[in-house]
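1. Predicted model, plus sequence, below.
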Amino acid sequence: MKLKPSVIVLSLAGLLAASQTIAAQPEQSWMFWAKSNEYNRDTVDHRQWNQLLGTHVVNTGQGVNRFRYGSVGKTEQKHLSDYIASLTKIDPRNYSRAEQKAYWLNLYNALTVKLIAENYPIKSIKDIDNQKSGGSLLNKPLIQVADKPVSLSDIENRILRPIWKDHTIHFGLNCADMTCPGLLPQAFTGKNVQSLLKQSGRDFINKQNGVTLKNGKLTAAGIFSQYRSDFAKDDKTMLKVFAHYADDRLALYLLGFQGQIDYIHDYSLNGL
């Protein structure tokens, strides 16, 4: 079915709730970004970011994928800054929604890696807030896109969450702590963004520390409680969300679980 207008304006929802690494913040729709051009087949170049991820993301087999922040040298930091600068010169509204989704996820993650690499060594991304004045790192505008100052919180709570209304974005954002999904070893693109987010969700539930069922006790990563309204209205529905991503055997246990879900928060850095 063909879309009539070349630029599609998407309606946005109001408040959902939550925040990323620190405290819950309300979601606020930002109508300026609620456009896409589905006729545009152009793609955004993420090769520099893809190379950095392939070099520094490590699967240790101990939960979340780790990132070697301390190994990002000056030359790589420059390449990372150049990549971010290249993204800020693009108006993502001129691209398809799939390209936009990949654009914002990669930009958010590249910004967090840049901040941590420049301030490393730290034990938590929150340490950067403690070292610098001027308010929360999440709310501070770090870049300009289409002449608009943009913060990490803007990308997450005013663009990605309200426009896409898709809980899988949380499987792709680098909150940089141990109770969020780890960075993937490859960049998102318009073609792979949906499949990678789903795979990240499956890995988080089955192979990492998203959900642990042991001795009759169920623990889940704090990301699910921080963003509860994005995932499920209550714990019973949350179990169905877990089961959706779980392997068959685990899914059966989860669907039959009658106890309480204990949500855990570990804000230590997901680095090596």
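-> All right, it came through fine.
2. As a check, name the ranges of all helices in the stretch 151-272 of the chain.
-> 152-153, 161-164, 193-206, 223-226, 228-231, 235-245, 248-255 (DSSP state H, counting those that start in this stretch).
3. List the buried residues of the longest one.
-> Yep, that's helix 193-206 we're talking about. 193, 196, 197, 200, 201, 202, 203, 204, 205 (16 or more other C-beta atoms under 10 Å). All C-beta spots, glycine's among them, are computed from the backbone N, C-alpha and C.
4. centre of the chain versus it, how much separation?
-> With C-alpha atoms, centre = their mean, to the nearest Å as the basis, helix 193-206 stands 12 Å off its chain's centre.
5. what's it in contact with?
-> For helix 193-206, contacts defined as C-beta atoms under 8 Å, 6 or more residues apart in numbering pick out 98, 101-102, 105, 166, 168-169, 171-172, 181, 184, 186, 188, 210-211, 221, 242, 245-247, 250.
6. try 7 Å
-> Contacts to helix 193-206, defined as C-beta atoms under 7 Å, 6 or more residues apart in numbering, come from residues 98, 101-102, 105, 168-169, 171-172, 181, 184, 188, 210-211, 242, 245-247, 250.
7. try the shortest one
-> Around helix 152-153, the neighbours that count as contacts under C-beta under 7 Å, 6+ apart are 25, 108, 111, 137, 138, 139, 142.
8. The lengthiest helix in the chain - contacts with which helices or strands?
-> Using DSSP state H, we find that the single longest helix of the chain is helix 97-119. Contacts defined by 3 or more C-beta pairs under 7 Å, 6 or more residues apart in numbering; DSSP states H and E place helix 97-119 against helix 74-88, helix 126-131, helix 193-206.
9. one step back: which of the contacts of helix 193-206 count as buried?
-> Using 16+ other C-beta under 10 Å as the burial test, these include 98, 101-102, 105, 168-169, 171-172, 181, 184, 188, 210-211, 242, 245-246, 250 as buried.
10. can I get the helices of the stretch 151-272 of the chain in TSV with distance to residue 266 and mean pLDDT?
-> As requested, the helices of the stretch 151-272 of the chain are exported to TSV (distance: least, C-beta to C-beta, whole Å; pLDDT from 0 to 100):
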stretch	distance to residue 266	mean pLDDT
helix 152-153	20	96
helix 161-164	23	95
helix 193-206	14	96
helix 223-226	11	96
helix 228-231	18	96
helix 235-245	18	97
helix 248-255	21	97
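11. nearest to residue 43, of those helices?
-> helix 193-206 (11.5 Å; C-beta to C-beta).
12. Taking helix 248-255 as reference, get the angle to that closest one.
-> 70 degrees (axes from the mean of the first three to the mean of the last three C-alpha atoms, to 10 degrees).
13. now the angle from helix 193-206 to helix 235-245?
-> Going by the same axes, to 10 degrees, helix 193-206 makes 110 degrees with helix 235-245.
14. Next, the angle from helix 193-206 to helix 97-119.
-> 60 degrees.
15. Could you list the single helix or strand in the protein with the lowest mean pLDDT?
-> Using mean pLDDT, DSSP states H and E, the weakest-scoring helix or strand in the chain turns out to be strand 8-9, at a mean of 33.
16. On the C-terminal side of that one, identify the next helix or strand.
-> The helix or strand immediately downstream of strand 8-9 is strand 35-36, counting by DSSP states H and E.
17. Centre of the chain to that following strand, how far?
-> On C-alpha atoms, centre = their mean, the centre of strand 35-36 falls 21 Å from that of its chain.
18. Much appreciated, bye for now.
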